[in-house]
Each structure stands twice: as structure tokens, then as C-alpha cells.
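Participant: what follows is a protein structure lacking sequence information:
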């Protein structure tokens with residue numbers, strides 16, 4: 001595919017839109033755009049360069065995500081593709097879009113929220129008010145620091161009694 005300079009901005013915008021269809025393999029309801037891991041898209045000559053940041057160093061889904069991005073671009077006729085991974089600044093759940101947070105809740109995963117410091121004898125103790133994605137109760141308890149993947153924690157609602165994953169803040 002030959003890209004003329006006049007259409008570079010339109011091409012970049014079409015790539016952003018295309019990547020809305022590339023899903024996270026661990027949370028398939030989220031696109032890589034919703035997740036906020038796409039840092040930049042640029043075009044140099046005929047090369048498309050997509051810069052991504054993993055949700056955490058060593059995330060096993062990043063290879064699949066990189067391949068999915070590459071396949072989506074190849075299917076649209078782009079041949080010269082570079083996927084760059086950058087670790088700094090580190091990804092944060094603040095980068096998850098509001099639309100992404102809504103999708104997580106609808107899927108049954110409590111979206112990341114802001115930590116609230118709770119007064120306790122242990123000055124370093126932090127507790128988050130986690131809302132059950134099913135019944136919307138905040139009467140929940142942490143069951144395990146690790147849920148179905150390392151980026152999630154397992155909670156249980158004490159009202160509806162259902163277990164659920166919480167997408168951990170970081």
C-alpha cells in the first residue's frame with residue numbers, strides 16, 4: 001500500500017478506528033483502544049509504526065495482542081508494519097477509557113476505580129471500595145489478590161454472594 005503525504009492523517013485516524021476491533025485476549029470485551037495500551041501510531045515512508053505499552057511487564061497477552069494488531073493491519077493492505085513496545089511511562093488503569101470501564105462492568109468484571117485510604121492502625125493499609133458488577137452493592141470482600149489473570153483480583157459480593165473479578169488499579 002502506498003501512502004501519500006496528503007492522506008497520512010486520515011490513514012492514521014483509520015488505523016485508530018481499525019484497532020477498536022482488536023480485542024484483548026484475556027478480556028475479550030475490551031479493545032486495545034479501550035484498554036489504553038496503544039500509545040502512538042505513526043507512518044514513516046510506507047511503514048506503519050504502532051507503539052504499545054503492556055498492562056504490566058511480562059504480560060503473557062502482549063504477544064497475541066501484537067500479532068492481532070499486525071493481522072488487522074495486513075488485512076487492510078498494510079505490508080510494512082512495526083509494533084514497538086515501550087515500558088515507560090508504565091501503563092496505568094487510568095488509561096482505560098470510560099467506555100472500556102462500562103464494558104468491563106457489563107461483562108461482569110468490576111472496573112478499576114480510585115483507591116480510598118481507610119483509617120486503620122496500619123498506616124500503609126489501603127482498601128478499595130469495589131462495587132459488585134452484578135447487583136451494584138459495595139458490600140464486597142477480597143477473596144484473593146489474584147483472579148483469573150494476574151491483573152485481576154477475586155472478590156465476592158456479600159449481598160448477592162456472587163464471586164467476581166476486579167481489574168486491579170495500578
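Facilitator: Arrived safely. Every value quoted in this text rests on a predicted model; they were computed, and no experiment measured them. Residues are numbered from 1 along each chain as shown.
Participant: use CA for all of it now, contacts and neighbours both
Facilitator: Noted.
Participant: how far does stretch 146-164 stretch from one end to the other?
Facilitator: 11 Å (Cα to Cα, to the nearest Å).
Participant: averaged pLDDT, it. What do you get?
Facilitator: Average pLDDT, stretch 146-164: 92.
Participant: again with stretch 84-103
Facilitator: Per-residue scores along stretch 84-103 average to 94.
Participant: ok, and what's touching that stretch?
Facilitator: 29-31, 33-37, 49-57, 111-112, 168-170 (Cα atoms under 8 Å, 6 or more residues apart in numbering).
Participant: leaving out sequence neighbours, find the closest residue to the residue nearest the centre of the chain.
Facilitator: Centroid check for the chain by Cα atoms, centre = their mean gives residue 35 as the closest residue, at 2.4 Å. Nearest residue to residue 35, sequence neighbours excluded (Cα to Cα, 6 or more residues apart in numbering): residue 96, at 4.6 Å.
Participant: how near is that neighbour to residue 9?
Facilitator: For residue 96 relative to residue 9 (Cα to Cα), the value is 24 Å.
Participant: check contacts around the residue nearest to the centre of the chain.
Facilitator: 24, 95, 96, 97, 100.
Participant: perfect, that will be all.
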